[in-house]
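Trainee: Test case, fold it:
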Amino acid sequence: MKNLRMLWSFLFLIAAGTAQAATPSYDSYGSWLIACDNVLTCEAKGFVQDNDDVTSDSAPVNGAVDLRFIRAAGPGGLIQARLTAGFPFGLTDLRVDGRPLLLDRSAWTLTTQDGISTLSTKRPEVVAAFVAQLRDGTTLQVGDGSVPLNGLSAALLHMDDRQGRVGGVTALIRTGLKSASAVPPAPLPPSAPPAHRSSVLSGRERDRLMAWTVKAQAQFIKKQACDRLDKETDSLLETGVYGLDKNNAVVLLGCSMAAYQGTSLVFVVPRTGNGQPEPASLPSPVLIKGDTGDEGSMVTSPDFDVATGTLADFYKGIGLAYCGGSHEWRWDGHRFVLTGMTFQLGCGGSMSGDWPVLYRSKAQLRDQKKE
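Mentor: This is a model prediction of the structure:
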């Protein structure tokens, strides 16, 4: 009986330490967004949002400043507070509703590079004290720039809730007596195909696969309202054929062009044997209400990296990319697998293309370690 109890305890510990991947989420509270990825690393980000004209190429207003809190899941999940501005600033430039912000200089790091200044700390007790000074305020002033604080507490409470910290000593908003050990373990990132070099195709094979795809999928292409037959427009779109493995290739077919980005259709085409060119299924998490979550075959500004075999897209909500999203997929021999994703709905912040992570995988983490 004792051995049986030990066995069950051992299996429970294994299960507790290998939590399954979580469902990514993206929510907004006032001027703050809160994004939690599939391993429950969460990012709360506040900034002046400039969504009145999403086609504008103008930079975000009010000094291009953002403040974010990034925290990993689990009892000992690392936490960081980071204030970023597109201009130099010092600690004496920081005020909450006109009152000087009280910060311990020795607990913070302030750097400036390429005109971008960043103030950051990774000490949990310092982050908690910082939040305490902000949570009842209206505006964090950074020189001539600012970060609205409406929605901060709600966003951080959402982070605490998703990571299982509410009512515990590690919570940022609704603290309590529960110990850090009561916080659930961080989910493990899902497996995904490792990076691999794309198969090299001859010019003749590329031409054959492209012509075959256009002919076999003519009706599908027509239904997508593609204007790729306009030669002037087609020359601006991403079109190409790349080897996935010895049996399959991927065809990117330029579809339509907007003001500053184009769309392409993605097809998987057999290089040998039976089968027909088929629209690719490119999975993506459902983040916004009303989104169907369909695994579509149309992507924006796609790129295929032949060195790693990675298909990526990059959608800009405005011309300077202060909002938008990106994906990365890899072929596993049968289908494309999502390996990475970023997303930001509200337009603004200090840097273009600097969007919260919504999905990560073991393959992506391996590649980051190699860099």
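
Trainee: How far does stretch 223-237 stretch from one end to the other?
Mentor: Distance across stretch 223-237, first residue to last, is 18 Å (Cα to Cα, to the nearest Å).

Trainee: in the stretch 151-300 of the chain, which spans are strands?
Mentor: For the stretch 151-300 of the chain, strands defined by DSSP state E, counting those that start in this stretch occupy the ranges 240-243, 248-257, 262-270, 278-279, 298-300.

Trainee: looking at the ones you listed, which is closest to residue 177?
Mentor: Proximity to residue 177 (Cβ to Cβ) singles out strand 298-300 among those, at 48.7 Å. (C-beta placed from N, C-alpha, C; glycine too.)

Trainee: following the closest one, which helix or strand comes up?
Mentor: Downstream of strand 298-300, the next assigned helix or strand under DSSP states H and E is strand 303-305.

Trainee: In a markdown table, list the strands of the stretch 151-300 of the chain along with mean neighbour count.
Mentor: As requested, those are exported to a markdown table (neighbours: other Cβ atoms under 10 Å):
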| stretch | mean neighbour count |
| --- | --- |
| strand 240-243 | 20 |
| strand 248-257 | 22 |
| strand 262-270 | 22 |
| strand 278-279 | 16 |
| strand 298-300 | 20 |
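
Trainee: how about these in CSV, adding distance to residue 137?
Mentor: Supplementary listing: those in CSV, determined by distance: least, Cβ to Cβ, whole Å:
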stretch, distance to residue 137
strand 240-243, 51
strand 248-257, 45
strand 262-270, 43
strand 278-279, 50
strand 298-300, 38
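
Trainee: Compare the ones you listed and give me the one nearest residue 33.
Mentor: It is, among those and with distance given as Cβ to Cβ, strand 298-300, at 20.8 Å.

Trainee: Let's test this: mean pLDDT of the closest one, rounded?
Mentor: Average pLDDT, strand 298-300: 93.

Trainee: Nearest to residue 152, out of the strands of the stretch 151-300 of the chain?
Mentor: Using Cβ to Cβ, the strands of the stretch 151-300 of the chain put strand 298-300 closest to residue 152, at 31.6 Å.

Trainee: Within its sheet, name the partner strands of that closest one and how each one runs.
Mentor: Strand 298-300 pairs in its sheet with strand 262-270 (antiparallel), by DSSP bridges.

Trainee: The strand it pairs with vs strand 248-257, what angle?
Mentor: In terms of direction (axes from the mean of the first three to the mean of the last three Cα atoms, to 10 degrees), strand 262-270 departs from strand 248-257 by 160 degrees.

Trainee: which residues are contacting strand 262-270?
Mentor: For strand 262-270, contacts defined as Cβ atoms under 8 Å, 6 or more residues apart in numbering pick out 209, 212-213, 217, 220-221, 224, 226, 236-239, 241, 244, 247-257, 276-280, 282, 297-302, 311, 336.

Trainee: Can you get me the centre-to-centre distance for it and its chain?
Mentor: Centroid separation for strand 262-270 versus its chain: 23 Å, with Cα atoms, centre = their mean, to the nearest Å.

Trainee: Then stretch 257-273?
Mentor: Worked out by Cα atoms, centre = their mean, stretch 257-273 lies 22 Å from the chain centre.

Trainee: Kindly check the end-to-end length of that stretch for me.
Mentor: 35 Å.

Trainee: I'd say residue 41 and residue 78 touch.
Mentor: No - contact between residue 41 and residue 78 fails when scored by Cβ atoms under 8 Å: they sit 9.1 Å apart.

Trainee: Neighbour count for these two, which is higher?
Mentor: Using other Cβ atoms under 10 Å, the more surrounded residue of residue 41 and residue 78 is residue 41, with 25 against 11.

Trainee: end to end, how far does stretch 131-144 reach?
Mentor: 21 Å.

Trainee: Now it: buried residues?
Mentor: By neighbour count on 16 or more other Cβ atoms under 10 Å, the buried set for stretch 131-144 is 131, 134, 137, 139, 140, 141, 142, 143.

Trainee: tell me the SS of the third one?
Mentor: Just to be clear, that refers to residue 137. Look at residue 137: counting by DSSP: H, G, I helix; E, B strand; the rest coil, its state is coil.

Trainee: So this structure: which segments form each domain?
Mentor: Following automatic domain parsing, the chain resolves into domains at 24-182, 203-370.

Trainee: from the chain's centre, how far out does the shortest one sit?
Mentor: Relative to the mean C-alpha coordinate of its chain, domain 24-182 is positioned 17 Å out (Cα atoms, centre = their mean).

Trainee: Repeat that for the last one.
Mentor: When distances are taken as Cα atoms, centre = their mean, domain 203-370 is centred 16 Å away from the chain's centroid.

Trainee: Not counting residues beside it along the chain, what's closest to residue 121?
Mentor: What sits nearest to residue 121 in space, not counting adjacent residues and going by Cβ to Cβ, 6 or more residues apart in numbering, is residue 108, at 4.9 Å.

Trainee: Then residue 212?
Mentor: Nearest non-adjacent residue to residue 212, counting by Cβ to Cβ, 6+ apart: residue 277, 6.1 Å away.

Trainee: Wait, the one you found touches residue 216, no?
Mentor: Yes - the pair residue 277 and residue 216 qualifies as a contact (Cβ under 8 Å) at a distance of 4.9 Å.

Trainee: Pick out whichever of those two has more residues nearby.
Mentor: Set residue 277 next to residue 216 and count neighbours by other Cβ under 10 Å: residue 277 wins out with 21 against 15.

Trainee: Next up, the contacts around the more buried one.
Mentor: 209, 212, 213, 216, 217, 251, 267, 268, 269, 270.
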